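> I'll drop the sequence and a predicted model, then ask my questions.
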Amino acid sequence: MLRVLAVDDEAPALGELLYLLRADPRVRSAEGASDATEALRRLGRAVDAGPDRDGADGVDVVFLDIHMPGLGGLDLARLLGGSARPPLIVFVTAHEGFAVQAFDLEAVDYVLKPVRRERLAEAVRRVHDLVHATSQAAQAAQAAQADRTPEQIPVELGGVTRFVPVDDIAYVEAQGDYARLHTDQGSHLVRIPLSTLEERWADRGFVRIHRSHLVALARIDELRVDSGATSVRVGAAELAVSRRHARHLRDLLMRRPAG
């Protein structure tokens, strides 16, 4: 269940929002703050701990007004986005004109005032599904890490079969019906389609970023956005991220455990 912080400088609007949130069975707790400064105090260390933090002070999502005295909602979202493991953001505002900026800040949803119960419930559903999916994926990855024996993939080199540990592979490049496995020591060509490896290694932290590339999430060193084009750096390689995969990848990287 979700732990929510709602931020709005208008007391009636904040009270109504909290009432609706607390009535939703997917919400475990909902607290309010009247401005960004109070919100930051309430978040405290829970901001860096993210949604896995235990205890009453943990926060999974912030429902955030945009126009507030002092630090506005967009500014607060930017501050939270710089945290090690930030909470999710849903903007709740009377103004339509900031939607593009909101989604540039990775907002999960953008709800217009006056808030309708059904529309807010949809926003809560989106947050709940994302938090649940992230938690399930993390648990599955941990279980697989604990239970599995190291997987190796056979590669042919000069008539000799070598076995490359999957954990050594940084990314995979599609080459027709073949795939080229890139490791720190070099690359190896195997006769396996990229789609097959994507399905086989999903629980090992490999994610599709482009029709031509599959990347080990843990090996991504940087995510770059330049003039709307997204790319990642994996070691010395810079790989393009397609628009289709960009948002999902950013969500996964935001939720990736520190270290």
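Right, received. Where do you want to start?

> So residue 236 versus residue 249, what's the distance?
20 Å (CB to CB, to the nearest Å). C-beta: built from backbone N, CA, C; applies to glycine.

> which of the two has more neighbours?
The residue with more neighbours, out of residue 236 and residue 249, is residue 249; 21 against 8, by other CB atoms under 10 Å.

> Would you agree the more buried one is in contact with residue 240?
No: between residue 249 and residue 240 no contact is recorded; they are 11.5 Å apart, counting by CB atoms under 8 Å.

> which stretches of the stretch 1-150 of the chain form strands?
Ranges of strands within the stretch 1-150 of the chain are 2-7, 27-33, 61-64, 88-93, 109-112, based on DSSP state E, counting those that start in this stretch.

> so what sits against both of residue 249 and residue 240?
209, 230 (CB atoms under 8 Å, 6 or more residues apart in numbering).

> Name the residues of the longest helix along the chain that are buried.
When the chain is parsed with DSSP state H, its longest helix is helix 117-147. Going by neighbour count (16 or more other CB atoms under 10 Å), the buried part of helix 117-147 is 120, 123, 124, 127, 128, 130, 131, 134, 141.

> Columns mean neighbour count, mean pLDDT and distance to residue 217 on top of the strands of the stretch 1-150 of the chain, output as TSV?
Compiled in TSV, the strands of the stretch 1-150 of the chain are given as follows (neighbours: other CB atoms under 10 Å; pLDDT from 0 to 100; distance: least, CB to CB, whole Å):
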stretch	mean neighbour count	mean pLDDT	distance to residue 217
strand 2-7	24	96	24
strand 27-33	18	95	28
strand 61-64	27	97	23
strand 88-93	24	96	19
strand 109-112	18	96	25
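
> Generate a markdown table for those, with distance to residue 231 as supplementary columns.
Shown next, in a markdown table, are the strands of the stretch 1-150 of the chain (distance: least, CB to CB, whole Å):
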| stretch | distance to residue 231 |
| --- | --- |
| strand 2-7 | 33 |
| strand 27-33 | 37 |
| strand 61-64 | 28 |
| strand 88-93 | 24 |
| strand 109-112 | 27 |
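
> what about stretch 195-207, how long is it end to end?
11 Å (CA to CA, to the nearest Å).

> count of neighbours near the residue nearest to residue 151 when sequence neighbours are not counted?
Once flanking residues are discounted, residue 151 sits nearest to residue 166: 4.5 Å by CB to CB, 6 or more residues apart in numbering. Using other CB under 10 Å, residue 166 has 19 neighbouring residues.

> One more: residue 244?
11.

> Name the surrounding residues that touch stretch 201-210.
Taking CB under 8 Å, 6+ apart as the rule, stretch 201-210 contacts 140-141, 144, 151, 166-167, 172, 197-198, 214-218, 232, 239-242, 245, 248-249, 252.

> change it to 7 Å
140-141, 144, 166, 198, 214-218, 232, 239-242, 245, 249, 252 (CB atoms under 7 Å, 6 or more residues apart in numbering).
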